[in-house]
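Visitor: Model the structure of this input:
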Amino acid sequence: MAKELWKGDYAFAETAIRAGCRLFAGYPITPTTELMEYMATHLPKAGGQFIQAENESNIPYILEGAAACGTYAFTTSSAPGTTMMQEGIAWASKYDIPAVLLHSQRYGGATGTLHGEGQTDYKRDVTGGGQGDYHTIVFAPATIQECVDQLYVSWELAYKYRVWVVLHMGRSLCHMYEAIELPPYKEPQERPAWCLNGKKHEFDPFCNYLNDPKEYVRLQQERYNAIIANEQRFDALGLEDADYVICAYGIPGRIAKQAVQELRAEGHKVGFIRPITIWPFPQKAFDQINPDVKGLISMEINDLGQMKEDVALAGKKMNRDRNIPVYAFYQGEFFNGEEVKEYFYRLLRGEVAPEL
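Guide: So this is what the prediction gives:
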């Protein structure tokens, strides 16, 4: 298919419909309101149901009702709305009911702000934002096309592992325009055997943690170990000879990669990792790094640095016999390629101390 120019929000909504989504519940919020408006217009034409919830707290429960019957369910929100959904997402995760969430971050604490890119919601989405004892598969797209491709397979992954899949992205992707190729239409998979069917239904043993908690824990660990083994995704460059490796995700990853290419052209042995999944975190990428690497660098758009701890842990796992220093560059606004390079030069001059 030929590429077409699409706005992010519209491309994501159209992709969800083509992927087989037939239930959308949401509440207007910048920067995903346009996605919701597109679904309101076009999802009913595809035989789906659009619901505007009275608030974000109720949305996961609407999705769970549909998903428990085998319907591909979808929602989208930003910082405050996604935070209000956390109890419902935790509840669904405990009962293994799958759905898909597109979360567009806004920089800042609490409700966030309306000006600027942000990566302030990393820990919430990666570590389980509700009661916490669960995981979601978390994609971190860097382009509209990448988000389209990830969204297209999200329901298949959600139902395969019976988890929520989260598209964790910066606000810019929603309002950007990029030339993309939309995927073809496909029908949702057949209703899984565990779904409700309107007849007498035996309680699903997979989520029966009250009656057999030990077996439930075993199944949980088995499921998450399978995700870790099979679903790590990343983009990498120059790891085999790297003295230092820069790690950045999302749109900042696009910026950092260009800077790394320029640094390598100058003769510096710099590697690059962009996690495409931030859960599971791509340990397989770090295992490819030169074992004599001098340091890892986490680059993020937030106030305190959040991914840096996962970078440090990945470094520890790749080389357990020594401590690999982790440097962190984070600020509450977009950085550009020149700032990435200047930070690296300062590190070489000994002007930057490791954080971990």
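
Visitor: mind listing what's buried in whatever helix or strand N225 lives in?
Guide: Using DSSP states H and E, N225 sits in helix 213-230. If you call a residue buried by 16 or more other Cβ atoms under 10 Å, then helix 213-230 has these buried ones: Y216, L219, Q220, R223, Y224, I227, I228. C-beta coordinates here come from the backbone N, C-alpha and C atoms, glycine included.

Visitor: what's it packed up against?
Guide: If you count contacts as 3 or more Cβ pairs under 8 Å, 6 or more residues apart in numbering; DSSP states H and E, helix 213-230 packs onto helix 144-161.

Visitor: Name the surrounding residues that touch the helix it packs on.
Guide: Helix 144-161 is contacted from outside by 6, 8, 11-12, 15-16, 18-21, 72, 98-100, 102, 137, 139, 141, 163-165, 167, 169, 173, 176, 178, 180-183, 188-189, 192, 223, 226-227, 231, 276, using Cβ atoms under 8 Å, 6 or more residues apart in numbering.

Visitor: now, which of the residues you listed lie within helices?
Guide: G8, A11, F12, T15, A16, R18, A19, L173, R223, A226, I227 (DSSP state H).

Visitor: Which residue is the nearest non-sequential neighbour of the third one?
Guide: Right, F12. Distances taken as Cβ to Cβ, 6 or more residues apart in numbering put L35 closest to F12, at 5.5 Å, once the chain neighbours are dropped.

Visitor: tell me the contacts of that neighbour?
Guide: Per Cβ under 8 Å, 6+ apart, neighbours of L35: D9, Y10, F12, A13, G26, T76, L102, C174.

Visitor: Neighbour-wise, which one of the residues you listed leads?
Guide: Compared across these, L102 has the highest neighbour count, 32 neighbours, by other Cβ atoms under 10 Å.

Visitor: partner residues bridging that residue?
Guide: Assessed by DSSP bridges, L102 has beta-bridge partners T76, L167.

Visitor: show me what contacts the spatially closest residue to F24 that is not a sequence neighbour?
Guide: Leaving aside its chain neighbours, F24 sits nearest to M39 (4.4 Å; criterion: Cβ to Cβ, 6+ apart). Neighbouring residues of M39 by Cβ under 8 Å, 6+ apart: A13, A16, I17, F24, G26, F50, F74.

Visitor: who wins for neighbours among those residues?
Guide: F74 (32 neighbours).

Visitor: For the nearest residue to that residue once chain neighbours are set aside, give its distance to E309.
Guide: Excluding the flanking residues, the one nearest F74 by Cβ to Cβ, 6+ apart is C21, at 4.6 Å. Noted for C21: a distance of 34 Å to E309, by Cβ to Cβ, to the nearest Å.

Visitor: With neighbour numbers in mind, choose between these two.
Guide: Using other Cβ under 10 Å, the more surrounded residue of C21 and E309 is C21, with 25 against 17.

Visitor: ok, that one touching T76?
Guide: No: with contact defined as Cβ atoms under 8 Å, C21 does not reach T76; the gap is 11.0 Å.

Visitor: Can you name the helix or strand that A25 falls in?
Guide: Per DSSP H and E: strand 23-26 holds A25.

Visitor: Relative to the whole chain's centre, how far out is that strand?
Guide: Centre-to-centre, strand 23-26 and its host chain are 19 Å apart (Cα atoms, centre = their mean, to the nearest Å).

Visitor: Packing partners of it?
Guide: Counting contacts by 3+ Cβ pairs under 8 Å, 6+ apart, strand 23-26 packs against helix 33-42, strand 49-52, helix 59-67, strand 73-78.

Visitor: can I get those in TSV with distance to W155 and mean pLDDT?
Guide: Shown next, in TSV, are the helices and strands packed on strand 23-26 (distance: least, Cβ to Cβ, whole Å; pLDDT from 0 to 100):
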stretch	distance to W155	mean pLDDT
helix 33-42	15	97
strand 49-52	15	97
helix 59-67	9	96
strand 73-78	8	96
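
Visitor: What is the neighbour count of L356?
Guide: So L356, with other Cβ under 10 Å, has 18 neighbours.

Visitor: how about it, what does it touch?
Guide: Shown in contact with L356 (Cβ under 8 Å, 6+ apart): K308, E309, A312, P325, V326, A328.
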